[in-house]
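S.K.: Structure, please.
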Amino acid sequence: MSTQIEIDAALVRRLLAAQHPDLAGLPIRKTDAGIDNAMFRLGDDLAVRMPMRPEAATLIEHEQAWLPALAPALPVAVPAPLRVGTPDAGYPWRWSIVPWLDGEPADLAPLGVDAALSLAAFLRALHQPTPPEAPRNPHRGLWLGEREPGVAACLDRIDGHIGGLAAAVRTTWANALAADKPSASVWLHGDMHARNVLSHSGRISAIIDWGDMCSGDAATDLSSIWMLLPDAASRAEAIGLYTPDAALLARARGWAVLFGAILVDMGLSGMPRYEEMGRKTLRALAEDG
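M.R.: As a prediction, the model looks like this:
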C-alpha cells in the first residue's frame, strides 16, 4: 500500500478558491479519512472527497465518469459527483464535490430486519448489463479462483482467531470455488461492507464510496447480504427478493468469505473496527449453513 498524503482544510479552501470560488466561503470541516480518501463537509449540503494515495486517484475518476449516469436509476441515495476538481495548489489528483448524505456507518448503527427489502431492491437496480468500456477491477467482480491463493493465505493467518467458525468458512469457500463460473457482467459497487453503507433508524439511508465500481460478477455485491443484514430471516428474505440461481448464490457466499477474512486480517493488523465487521460476516455465513 502506497503512503497517504496529508490533506487539511486549508488545502481544500485553496482548491475551492481557485476552481469553485462560489463555494470557497462555505464552512469546511474534516469528517473522516479512510484508507483511500479524506472527506470534508462543505457547508450544510455538500462534501469534498479527496484521494490520499495514487491508487485512490484512479478510482475516483471512475466515480466521476460513471456514477452520475447510474445514480438516477438507483432507489438509494449515492454521492454522485456534482462538480469535479483538478490538480492544483500542490495537490496532484482529481477530486470531487458531492452531496452530503446523512446517516451513520452501518457498523456503528446496524441495519434492522426491514433493510432486506431495500438492500435487494438496490442490488437489483444496480446490477444491469455494462457497456464494453465500463471499468474492470483486478480485485472485484472476477471469478473467485483468481483470488484463491491470496484468500487461502488469509484464511491460514486468521484460522486460530475465529474459533469454531473456521471449518464452516472453509467449506463455504470450497463450495464457491466449485460453483459454475460467472457468465454475465453487470455494474457493481464493489465494496459493500458496513462502513460504506449509511444507516438511519435501522434502514439504509445511502451507499457511499464508489471507488471500486466496475463491471463483473454480481456475486461480489451479493456478499453484502451477510455483511449487513442482522439475522437469518432477513438474509433469506433478501435472497428471495433478488432470486439468484444456485451458482450465483454459492459464489456470493464465497465473496462473503473473502471479504470477511480480509476484514478480520486487517483487524489483527491494528484496525479493530474492520475486525469486528469481518467476524460478524463469518458468523452470519456459519449461522446460515
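S.K.: in the stretch 51-200 of the chain, which spans are helices?
M.R.: 54-70, 115-126, 148-158, 166-178 (DSSP state H, counting those that start in this stretch).
S.K.: Save these as a markdown table, and put in mean neighbour count too.
M.R.: In this view, the C-beta of every residue, glycine as well, is placed from N, C-alpha and C. Output for those, formatted as a markdown table (neighbours: other Cβ atoms under 10 Å):
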| stretch | mean neighbour count |
| --- | --- |
| helix 54-70 | 18 |
| helix 115-126 | 20 |
| helix 148-158 | 15 |
| helix 166-178 | 17 |
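S.K.: Of all the ones you listed, which one comes closest to L101?
M.R.: Ranking these by proximity to L101 (Cβ to Cβ) places helix 54-70 first, at 12.9 Å.
S.K.: For that closest one, which helices and strands make contact with it?
M.R.: When contacts are defined as 3 or more Cβ pairs under 8 Å, 6 or more residues apart in numbering; DSSP states H and E, helix 54-70 sits against strand 46-51, strand 95-99.
S.K.: got the contact list for P79?
M.R.: Contacts for P79 (Cβ atoms under 8 Å, 6 or more residues apart in numbering) come out as A47, R49, E63, L67, S96, V98, P99, L101, A206, I208, W210.
S.K.: Got a quick ChimeraX command for the buried subset of the residues you listed?
M.R.: Only the buried entries of these go into this ChimeraX selection, using 16 or more other Cβ atoms under 10 Å:
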select :47,49,63,67,96,98,99,101,206,208,210
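S.K.: just to revisit the earlier point, for R253, which of the helices of the stretch 51-200 of the chain is the nearest?
M.R.: Across these, R253 has its closest neighbour in helix 166-178 (5.1 Å, Cβ to Cβ).
S.K.: now the angle from that closest one to helix 148-158?
M.R.: Helix 166-178 and helix 148-158 are oriented at 180 degrees to each other (axes from the mean of the first three to the mean of the last three Cα atoms, to 10 degrees).
S.K.: Average pLDDT for helix 166-178, rounded please.
M.R.: Averaging pLDDT along helix 166-178 gives 97.
S.K.: now what about it, what contacts it?
M.R.: Under Cβ under 8 Å, 6+ apart, the answer for helix 166-178 is 144-145, 148, 151, 155, 159, 162, 250-251, 253-258, 260-261, 282, 285-286, 289.
S.K.: how close does I7 get to W93?
M.R.: 10 Å (Cβ to Cβ, to the nearest Å).
S.K.: what helix or strand does the residue nearest to A219 when sequence neighbours are not counted sit in?
M.R.: Excluding the flanking residues, the one nearest A219 by Cβ to Cβ, 6 or more residues apart in numbering is R251, at 3.6 Å. Secondary structure assignment for R251, by DSSP states H and E: helix 246-268.
S.K.: and R14, backbone torsions?
M.R.: Main-chain dihedrals, R14, degrees, to the nearest 10: phi -60, psi -40.
S.K.: Tally up the residues packed near the residue lying closest to it once chain neighbours are set aside, please.
M.R.: Residue nearest to R14 in three dimensions, not counting chain neighbours: A89, with 4.4 Å by Cβ to Cβ, 6+ apart. Using other Cβ atoms under 10 Å, A89 is surrounded by 14 other residues.
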